[in-house]
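Asker: Give the three-dimensional model of this entry:
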Amino acid sequence: MECVKSELSVLCSGIPLSPLPPPKERDPCVPHAPTRKPNLTPQEFALSVKNALKYFPTHLHTSLAPEFSRELREYGHIYMYRLIPSTEMRAYPISYYPCQTLASAAIMLMIMNNLDPRVAQYPHEMVTYGGNGQVFSNWAQFYLTMNYLSKLTDKQTLSMYSGHPMGLFPSTPHAPRLVVTNGMVVPNYSSKQSYEKMFALGVSMYGQMTAGSYAYIGPQGIVHGTTLTILNAARKHLQSGGLSGCVFLSSGLGGMSGAQAKAAVICGCVGVIAEVSLSAIEKRHAQGWLTMWTGDLKKLSEMIDDAILQHSAVSIGYHGNVVDLWEFFVQEFESSGKCRVSLGSDQTSLHNPYGGGYIPAGYTEQEALSLLSSDEGLFREKVQESLKRHVSAINKLSDGAGLFFWDYGNGFLLEAGRCGADVKSECEGDSGSNFSGRSEFRYVSYVQDIMGRIFSLGFGPFRWVCCSCLAEDLSTTDLIAAEVLKDSLSSGQLSKDKQQQYTDNLKWIEEAGKHELVVGSRARILYSDERGRVAIALAFNEAIRSGRLKGPVVLSRDHHDVGGTDSPFRETSNIYDGSRFCADMAVQNVIGCAVRGATWVSLHNG
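Answerer: Numbers count the residues shown, from 1 in each chain. Predicted structure coming up:
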């Protein structure tokens with residue numbers, strides 16, 4: 001313990017300069033982010049290097065400039081690999097961190113959890129999930145932030161600007177200890193092309209939802225949301241109270257999408273998930289989230305048949321492209337007239353389709369990334385061709401076999417529509433300007449058709465992290481939350497709709513421990529309304545006060561929370577008064593949380 005405390009003290013002492021760590025090559029044993037293509041002019045390239053050197057004293061510039069130039073040339077960004085800490089990156093008990101206030105120690109715990117290799121998608125590039133959800137822009141920022149947090153008092157606030165710590169500013173004990181903004185760009189320049197340049201320059205950063213806000217709790221968060229989505233999709237479209245023998249097909253086993261396999265098992269169905277990355281499949285299988293996997297379609301078919309016959313709740317991974325998988329089921333349907341797939345979705349990283357987030361059919365992951373590096377234009381063409389095939393296969397099963405497919409907010413329908421795939425509905429409307437909010441796509445968004453009604457009841461993510469890092473504390477919080485939900489259900493004060501949600505979440509929390517959901521920090525999530533949140537939080541406070549819990553608890557929210565995100569093709573896709581393209585609510589949300597006592601708040605664009 002004392003050894004770890006000593007290492008953390010060193011980690012919090014600022015950028016290591018005396019001596020400067022030796023240069024490091026990329027570690028081939030660690031997954032790495034795709035090479036970025038910022039297309040910098042010579043002047044912009046020089047400015048990027050100059051901006052990176054600002055973190056270091058001038059006498060080191062001569063030795064660091066060539067190294068940073070090489071990183072920028074080879075990888076499209078300056079990550080400062082030589083500064084990757086030797087200390088194991090993970091959430092440590094809150095008492096281990098050097099600090100002036102427990103709040104800052106909790107933030108440090110959460111930052112290190114986001115960078116834990118078990119949690120992060122590309123840990124050395126500081127990408128937590130989604131292919132480009134950054135915690136920081138470079139490793140110098142990590143050291144500076146940890147140093148500031150170790151000095152932060154309860155009368156100061158640390159301000160973060162797209163990964164860059166701006167310093168400690170005077171505030172009050174009731175003000176946030178941390179204020180974060182990520183990717184806040186003037187609207188006319190808020191484009192993917194401009195962003196790539198600004199990220200390379202080190203002046204902006206895409207923080208996804210909970211990467212750059214230091215609030216990621218591993219894929220468990222989306223396991224819960226996906227579980228509720230699948231359950232409610234089946235209730236509505238299959239008129240099914242149970243999912244035994246039902247096949248749910250999707251793609252992605254990465255940072256966020258990896259939740260699908262576990263959610264399928266919790267729901268009781270047969271989850272079939274395609275993934276091109278062997279390391280991602282092996283990671284989920286080793287964690288116990290993926291029951292079995294194969295790269296052979298014939299073998300996969302046999303696995304599915306066996307699971308249906310046995311009424312087994314299993315997740316089956318397919319190491320290959322999801323387009324091939326959908327086309328396999330189309331071929332089966334056209335030859336036999338039967339389709340085994342009832343529910344379908346997609347969780348490829350289509351918010352970043354031309355930067356490695358979507359691997360085109362006909363290519364392995366490595367082949368596709370090599371093509372992206374050598375011929376960006378051809379890569380774009382192959383992605384568009386693949387998306388058209390992807391949609392065509394889904395359409396055939398939807399139109400002819402009764403498949404229910406939904407967009408899971410990853411930009412699937414939007415990007416497919418942009419490349420000319422047959423996803424438009426018969427009603428008029430352009431995907432960029434349909435202010436009525438009525439779907440211009442032939443498939444629904446999961447918010448519009450499945451989860452929107454739940455959100456409108458005031459339910460959203462209520463998440464917590466046990467800062468003691470003790471498994472027993474997490475188990476105790478599960479018991480406390482279950483007690484609160486039972487009390488609410490027996491109160492007689494809940495509407496029928498709310499009773500259903502409380503019942504679903506009670507089942508979830510009572511079974512959470514056995515599903516091995518923890519990856520990284522000792523965290524948990526459920527959905528609740530204001531009544532439940534307040535009651536659970538107060539119960540946690542009492543448990544800490546009495547010693548029933550051995551340490552503090554971090555409470556957090558995410559993008560699914562009511563009013564938390566303005567996103568016209570996802571969170572606000574079911575807003576029909578013309579305001580789904582307006583961003584006032586998210587800004588109001590962060591300001592409101594700040595003035596009402598939140599410990600840290602974060603506002604993102606991207």
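Asker: how much space between Pro123 and Met89?
Answerer: With distances defined as CB to CB, to the nearest Å, the gap from Pro123 to Met89 amounts to 7 Å. (C-beta placed from N, C-alpha, C; glycine too.)
Asker: before we move on, what about Leu485?
Answerer: As for Leu485, its distance to Met89 is 34 Å (criterion: CB to CB).
Asker: who does Ile316 bridge with?
Answerer: Beta-bridge partners of Ile316, counted by DSSP bridges, are Val272, Met292.
Asker: Secondary structure element holding the nearest residue to Leu403 once chain neighbours are set aside?
Answerer: In space, not counting the residues next to it along the chain, Leu403 is nearest to Leu397; the distance is 4.1 Å by CB to CB, 6 or more residues apart in numbering. Under the criterion of DSSP states H and E, Leu397 resides in helix 376-401.
Asker: Equivalent analysis for Gly592, please.
Answerer: Using DSSP H and E, Gly592 falls within helix 584-595.
Asker: quick one on the thing from earlier: which residues does the residue nearest to Leu403 contact?
Answerer: With contacts defined as CB atoms under 8 Å, 6 or more residues apart in numbering, the neighbours of Leu397 are 326, 329-330, 333, 339, 341, 344, 403, 405.
Asker: what about it, distance to Asn321?
Answerer: Remark: distance between Leu397 and Asn321 (CB to CB) = 17 Å.
Asker: do Met1 as well
Answerer: If you measure Met1 against Asn321 using CB to CB, the figure is 47 Å.
Asker: Gln500 too?
Answerer: Looking at Gln500 against Asn321, where the rule is CB to CB, the gap reads 37 Å.
Asker: Of those two, which one has the most company?
Answerer: Set side by side, Gln500 and Asn321 show unequal neighbour counts under other CB atoms under 10 Å, the larger going to Asn321 at 26 against 16.
Asker: The more buried one reaches Ala274, doesn't it?
Answerer: Yes - the criterion here is CB atoms under 8 Å, and Asn321 meets it with Ala274 at 6.6 Å.
Asker: is it true that Ser137 touches His164?
Answerer: Yes - the pair Ser137 / His164 is scored as a contact, 7.2 Å apart, by CB under 8 Å.
Asker: who touches both of those two?
Answerer: With contacts defined as CB under 8 Å, 6+ apart, the residues adjacent to both Ser137 and His164 are Gly202.
Asker: Of those two, which one has the most company?
Answerer: In terms of neighbours (other CB under 10 Å), Ser137 is the more surrounded of Ser137 and His164; the figures are 29 against 22.
Asker: tell me the contacts of the more buried one?
Answerer: Counting by CB under 8 Å, 6+ apart, the residues that Ser137 touches are 77, 126, 162-164, 199, 202, 205.
Asker: Kindly list the main-chain dihedrals of it?
Answerer: Comment: the main-chain dihedrals of Ser137 come out as phi -90, psi -30, following degrees, to the nearest 10.
Asker: Kindly report the same for the one 3 residues further on.
Answerer: Note on Ala140: its backbone torsions stand at phi -60, psi -40 [degrees, to the nearest 10].
Asker: Could you measure from the closest residue to it other than its chain neighbours over to Tyr206?
Answerer: On the basis of CB to CB, 6+ apart, the spatially nearest residue to Ala140 that is not a chain neighbour turns out to be Tyr55, at 3.9 Å. To Tyr206, Tyr55 is 20 Å away according to CB to CB.
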